[in-house]
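In: pasting the sequence and the predicted coordinates here, then a few questions.
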4 protein chains.
Amino acid sequence: MQREYRPLGRPRHDKQAKPTKAMILDVATQLFLEQGYQVVSMDDVAKKCGVTKATVYYYYATKADLFTDAMIQMMIRIRKRIDEILSAGKPLKERLLEIAKAHLEATINIDLNAFMKEPQNFLSDEQLQQIKETEEKMYEVLEQALKDAMEKGEISQGSSRLGAHAFVAMLTIGNYKDAGGQPIFPSLDEMAEQIVNFYWNGLGN
Amino acid sequence: MQREYRPLGRPRHDKQAKPTKAMILDVATQLFLEQGYQVVSMDDVAKKCGVTKATVYYYYATKADLFTDAMIQMMIRIRKRIDEILSAGKPLKERLLEIAKAHLEATINIDLNAFMKEPQNFLSDEQLQQIKETEEKMYEVLEQALKDAMEKGEISQGSSRLGAHAFVAMLTIGNYKDAGGQPIFPSLDEMAEQIVNFYWNGLGN
Amino acid sequence: MQREYRPLGRPRHDKQAKPTKAMILDVATQLFLEQGYQVVSMDDVAKKCGVTKATVYYYYATKADLFTDAMIQMMIRIRKRIDEILSAGKPLKERLLEIAKAHLEATINIDLNAFMKEPQNFLSDEQLQQIKETEEKMYEVLEQALKDAMEKGEISQGSSRLGAHAFVAMLTIGNYKDAGGQPIFPSLDEMAEQIVNFYWNGLGN
Amino acid sequence: MQREYRPLGRPRHDKQAKPTKAMILDVATQLFLEQGYQVVSMDDVAKKCGVTKATVYYYYATKADLFTDAMIQMMIRIRKRIDEILSAGKPLKERLLEIAKAHLEATINIDLNAFMKEPQNFLSDEQLQQIKETEEKMYEVLEQALKDAMEKGEISQGSSRLGAHAFVAMLTIGNYKDAGGQPIFPSLDEMAEQIVNFYWNGLGN
DNA sequence: CATGAATGAGAATTCATTCAT
DNA sequence: GATGAATGAATTCTCATTCAT
């Protein structure tokens, strides 16, 4: 769409923007998250990068490879972000609130379970495994923070694993839009606060 | 391909067991839930029904129509089930536990948000709207139950809407499998109990 | 190229020419023999048939399937032709001459060994097997004729199997063109006669 | 990927063992003969040589050029081999037997006619011509030997040209494998002997 | 001498959909 | 009510070739 004139052969080195491979990965991540594995075609990715399909294949041998790499990089980024926030010395609840805000802003669909349902048939076992492992690590940083808080008596004992998953699951509420297109709370900040509050207090007070 | 095992005596006219249209809808629902919109082809549905693609088109003008109908029927069924359980006279927590058990058993991917991400581009606004409305109603029965419990003082005041969504969101934890393929709790019953407990008590007890 | 206007859907039944599937098979056989497996694309076949690629795929699920069927039908036809000629009551040499003439006219590349080298990687073992079996049968009719002639004392004892293969191998000489584009003998009839003579008498007379 | 086993001491400068161009040609010849023109990609050649595609293009401007060169070198090698064997002072039949053995061992598909069918469309007229001329010369050495033998009365008069082609054609029988994967004669030596015998005596003794 | 990065033109295959029967 | 035959538009992936370094 943008750069119209794309000559054959190696392009003159332009110290310019990101190297092609990184650009492809970024664009792909975004598209996959927005639309899902099947819907996004390699051509879509290529066009949005201003390169040809063949260039995408130059870097990623298959669509499944591209997807796998995209998911892994994304989850690593998320984990780092969470880790950063969690390592601050504040009370747990405050740190959770920050994570919630950060994620709701990122509009990232963390509903990974459902998200991975369809690609499942197209990824190799090894690819699936790699993704799963990275996902696991993402949960682990949260889990560890909960464990630490339990030890310090900041929260009561319980399954830190369940706690981590519950937190992530509840964040998906932020994606919900009703029939009128309205989210449950009008502002992201309020959404984050309400979710974390509910998560903290539970239904039964 | 042929029916293998024919019982003795005159078959009860068979009446085709289920009229073709209903069979198509059932099969489609199952396939869509299992594999996602894109992955399931009209031919897949047809073959699993033992009819031809053209027959499917005889009943459903487009794939989007079939999907829409399938989703709506499914959500109506779910709503009825929830409604049934909720109308019993037991304490709320017990009723929620029953719903949780029922849903975890049904293996239904209720991660509707993520699930609907890819079809979004293929459904008409009207279709999307219809689905959304049915979904909304599904949440409403839960919401109503929470409101009633608040009024009775069974639980403290709060956003019943958030409560309904949080409950459904937390049920998706049941779908999670770790890198080793293991769910968070080994049995569905334990899973349901732990989820409902967490939902009820919150992290901070 | 020919029929320009090709409406969607099932075409109005025209008791016309050959049914589509047969046409596809015929055209494919011709193209494969002329140009080889790789070179011929499904689109080439489709275009030459005046249908779309999708139509070809309607009848043959893969290119390998089409090729397999084409080869088998061709070899069956050849076998029948040979069989017919061989069952006449004439002296063996005369019958061989007739076969030679018929084949040189058909311009068929009977160099099956070389011809099958490249498809080999693309055909399934089963397909390869099927083709091989049909080929085998083609040789067998020749072999049987040689055996009969040996019994009658028309020719001396020897390996009928080798004799059959030698005959077919020698027919490929007819395909040869020198650097100037000239075949070894100017007319097909002379070619056939010379080949059969050589086959019959050997080099050492 | 790395060289695994490095012997002690200074390597004998290695001189790259074979200059790159020769290596490319060798590898290409082998691959083309094994798999055919279309099937072998420039990348296959490059990879098997441990260089990049661009390097192959550094030496050969097009795939057709590489193929042409490969075929020509191969036919020159074959001609030399045949020539060597033929120039010995033994009886013709013995020399032919040696050629047969040598070729059956080389597993070379000399079915050149069929083999050249597909590249035909991709080679320039000039390239085709070059190949044809080299092929012609290959046949000529055989032809000359037959002519000499006719003059000496070792064999009877006849078309030496046909004789040469018949001999080469019959050697292809050695490539045949039946449906069970078995060649016509179990050992190469027996194969060579039987073929030469048949070639010498003909069918009708 | 050799390579890394990129392209353009196909190739096989899939699939929702259409239409005459 | 159901089907068989056909299409058109995409989709994944391949490959010979080009060109700056």
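Out: In hand now; what should we look at?
In: what about the longest helix in chain A?
Out: If you go by DSSP state H, chain A has its longest helix at helix A:125-151.
In: B:Asp189 versus the closest residue to A:Leu142 other than its chain neighbours, what's the distance?
Out: In space, and not counting its chain neighbours, A:Leu142 is closest to A:Ala164: 4.0 Å by CB to CB, 6 or more residues apart in numbering or on different chains. Heads up, the C-betas are built off the backbone N, CA and C, glycines and all. Computed with CB to CB, to the nearest Å, the distance linking A:Ala164 and B:Asp189 is 22 Å.
In: of these two, which one has the most company?
Out: Neighbours per residue, other CB atoms under 10 Å in any protein chain shown: of A:Ala164 and B:Asp189, the larger number sits with A:Ala164, 22 against 14.
In: which other helices and strands does the helix or strand that contains the more buried one contact?
Out: Per DSSP states H and E: A:Ala164 is located in helix A:160-171. Under the contact definition 3 or more CB pairs under 8 Å, 6 or more residues apart in numbering or on different chains; DSSP states H and E, helix A:160-171 sits against helix A:92-106, helix A:125-151, helix A:188-201, helix B:160-171, helix B:188-201.
In: show me the contact partners of that helix.
Out: For helix A:160-171, contacts defined as CB atoms under 8 Å, 6 or more residues apart in numbering or on different chains pick out A:96, A:99-100, A:103-104, A:110, A:139-140, A:142-144, A:146-147, A:150, A:195, A:198-199, B:166, B:169-170, B:172-173, B:176, B:184-185, B:194-195, B:198-199, B:203.
In: establish whether the longest helix of chain A and DNA strand F are in contact.
Out: No: judged by CB under 7 Å from any atom of the strand, helix A:125-151 stays clear of DNA strand F, getting no closer than 11.9 Å.
In: how far does that helix sit from its chain's centre?
Out: 13 Å (CA atoms, centre = their mean, to the nearest Å).
In: rewinding a little: taking helix B:160-171 as reference, get the angle to the helix holding A:Ala164.
Out: Here the directions of helix A:160-171 and helix B:160-171 differ by 130 degrees (axes from the mean of the first three to the mean of the last three CA atoms, to 10 degrees).
In: break chain A down into its domains, please.
Out: Following automatic domain parsing, one finds the domains of chain A at A:14-60, A:71-201.
In: and A:Gln157, how far from C:Val168?
Out: For A:Gln157 relative to C:Val168 (CB to CB), the value is 85 Å.
In: between those two, point out the one with more neighbours.
Out: More neighbours surround C:Val168 than the other of A:Gln157 and C:Val168, with 23 against 10 (other CB under 10 Å).
In: which pLDDT value belongs to the more buried one?
Out: Note on C:Val168: pLDDT of 93.
In: lowest-pLDDT helix or strand in chain A?
Out: helix A:112-115 (a mean of 78; mean pLDDT, DSSP states H and E).
In: now it, how far from the centre of its chain.
Out: Mean-position distance between helix A:112-115 and its chain equals 11 Å (CA atoms, centre = their mean).
In: how about it as CSV, C-alpha atoms only?
Out: Presented in CSV, the C-alpha positions along helix A:112-115 are these (Å, rounded to 0.1, in the frame of the first residue of the first chain):
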residue,chain,number,x,y,z
LEU,A,112,-5.6,-17.6,25.4
ASN,A,113,-7.5,-20.8,25.8
ALA,A,114,-10.2,-20.0,23.3
PHE,A,115,-7.8,-18.2,21.2
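In: now do the buried residues in it.
Out: Buried residues in helix A:112-115, counted by 16 or more other CB atoms under 10 Å in any protein chain shown: A:Leu112, A:Asn113, A:Ala114, A:Phe115.
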